[in-house]
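Peer 1: Show me the folded form of this:
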Amino acid sequence: MKLSIAAVTTVCAVLFTGCGGNLGAQSPAIGGAAPAAAAPAAVTFHQPAPVRISERLAATIPEPVSVDPAETQAAAYCKSTKGVVETRTALYGTNGSQPLALAGVARFCQYTKGKGSSSSRIHILLSTLYTTKPTLAALAYILKPPSGSCQGNPASCYCAQVLGGAEIGQSGAGGGWYKKNSIDQVLEACVLPDMSSIDSWGILYHTNGIIRGIDLTKVMRYKYPGS
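Peer 2: You can find the predicted model right below:
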């Protein structure tokens with residue numbers, strides 16, 4: 001069953017208002033353009049240095065297959081939009097000396113802007129990038145629920161308290177999606193209740209007016225009604 005534009009707009013407003021955002025007042029008229037973003041507040045947060053795993057521990061973490069056959073079309077689309085496919089393993093306890101490799105495997109499309117120390121990246125789950133249907137991650141990226149303030153890791157707070165998502169190791173143990181020989185070795189990704197996902201720092205920066213890697217609205221196959 002297809003959702004009407006009115007239904008999509010209602011879902012957007014209800015879900016994000018319930019998670020601590022204030023999108024209800026920003027919902028456009030049926031068929032209208034996506035709501036204009038409010039002027040972003042000054043960015044006062046900084047992404048910490050990437051978590052690194054020792055070579056000894058990295059050798060114990062199994063390497064998953066590069067691309068699941070069921071995701072070959074999504075992977076090809078990622079590459080066609082100048083992204084790089086990354087297959088990552090769920091890792092728990094990266095703040096300790098013995099992180100635990102979990103059963104989960106996820107495939108992200110990484111987009112990079114710039115080179116060297118001035119480069120920036122954003123990661124989006126292949127299925128979130130490729131689907132033409134609305135997902136909570138895509139709607140959050142497009143509608144930019146305001147981040148507010150909190151104590152602790154601002155990207156984790158934004159994921160959990162505003163978007164209603166979760167990260168691996170939010171309890172303080174640390175964790176994320178691991179890929180050896182990558183710049184972001186342990187990726188902090190926000191997984192939403194519908195299982196869509198975008199990296200937490202990328203979406204936090206975007207809601208504050210900073211595009212990392214690429215403007216995902218240009219490459220996601222889902223298009224917000226009226227945009």
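Peer 1: give me the low-pLDDT residue ranges for the protein?
Peer 2: 1-44, 59, 62, 65-66, 171 (pLDDT under 70).
Peer 1: Please identify the helix or strand for the residue nearest the centre of the chain.
Peer 2: When the chain is reduced to its mean C-alpha position, the nearest residue by CA atoms, centre = their mean turns out to be residue 198, at 1.2 Å. Counting by DSSP states H and E, the element that carries residue 198 is strand 197-199.
Peer 1: list the helices and strands the helix or strand following that strand packs on?
Peer 2: The C-terminal neighbour of strand 197-199 among helices and strands, as given by DSSP H and E, is helix 200-207. Helices and strands touching helix 200-207, by 3 or more CB pairs under 8 Å, 6 or more residues apart in numbering; DSSP states H and E, are strand 120-125, helix 136-143, helix 154-157, strand 189-191. C-betas here are computed from N, CA, C, even on glycine.
Peer 1: From the geometric centre of the chain, which residue sits farthest away?
Peer 2: residue 56 (29.0 Å).
Peer 1: Return the set of buried residues in the helix or strand containing that residue.
Peer 2: If you go by DSSP H and E, residue 56 is part of helix 55-58. Judged by neighbour count (16 or more other CB atoms under 10 Å), helix 55-58 contains no buried residues.
Peer 1: Could you do stretch 77-95 as well?
Peer 2: So, applying 16+ other CB under 10 Å, buried residues of stretch 77-95: 77-78, 81, 83, 85-94.
Peer 1: Take these and lay them out in TSV including distance to residue 61 and secondary structure.
Peer 2: Converted to TSV, the buried residues of stretch 77-95 look like this (distance: CB to CB, whole Å; DSSP: H, G, I helix; E, B strand; the rest coil):
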residue	distance to residue 61	secondary structure
77	28	helix
78	23	helix
81	29	coil
83	24	coil
85	19	strand
86	14	strand
87	12	strand
88	11	strand
89	6	strand
90	10	strand
91	7	strand
92	11	strand
93	12	coil
94	11	coil
